[in-house]
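>>> Kindly return the folded structure for what I paste below:
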Amino acid sequence: MESLQEKSIVKGIVKEADKFKNGLFVELKPNLVGMAEYKDGFYYGQTVDVYIKKIIPDKKKIKLIIV
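Below is the predicted model:
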């Protein structure tokens, strides 16, 4: 997590895309996953650009926006 910075855009891979869950889970690095709000049209394994909105180290969470 230390190499990622808030307010930056990075590439990630969609690991879970289920509208009945909380959102899209995007892998930024091996074993490092962030979450973005659910949007239709995304599928497992798809490469996406994401904006890092917030990093919460103590909860090990990363909030993302798909761009």
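
>>> what's the distance between residue 37 and residue 30?
Distance of residue 37 to residue 30, computed by C-beta to C-beta, to the nearest Å: 24 Å. To be clear about C-beta, it is placed using only N, CA and C from the backbone, and glycine gets the same treatment.

>>> the more surrounded of the two?
residue 37 (12 against 6; other C-beta atoms under 10 Å).

>>> Just list whatever residues bridge to residue 16.
Assessed by DSSP bridges, residue 16 has beta-bridge partners residue 25.

>>> Per-residue pLDDT of it, please?
With respect to pLDDT, residue 16 scores 87.

>>> contacting residues for it?
Neighbour list for residue 16: 24, 25, 44 [criterion: C-beta atoms under 8 Å, 6 or more residues apart in numbering].

>>> And residue 7, by the same measure?
51, 52, 53.

>>> How much space separates the residue nearest to the last one when sequence neighbours are not counted from residue 24?
Okay, so that is residue 53. Distances taken as C-beta to C-beta, 6 or more residues apart in numbering put residue 63 closest to residue 53, at 4.5 Å, once the chain neighbours are dropped. To residue 24, residue 63 is 12 Å away according to C-beta to C-beta.

>>> Check residue 33 too.
Counting by C-beta to C-beta - residue 33 and residue 24 are separated by 10 Å.

>>> Equivalent analysis for residue 38, please.
6 Å.

>>> who's more crowded, the two?
Counted by other C-beta under 10 Å, residue 38 and residue 24 do not tie: residue 24 has more neighbours, with 24 against 15.

>>> just to revisit the earlier point, need the overlap of contacts for residue 63 and residue 24.
Each of 35, 36 lies in contact with both residue 63 and residue 24 under the rule C-beta under 8 Å, 6+ apart.

>>> Report the secondary structure state of the residue lying farthest from the centre of the chain.
When distances are taken from the C-alpha mean of the chain, residue 58 lies farthest, 17.4 Å away, according to C-alpha atoms, centre = their mean. Using DSSP: H, G, I helix; E, B strand; the rest coil, the structure places residue 58 in helix.
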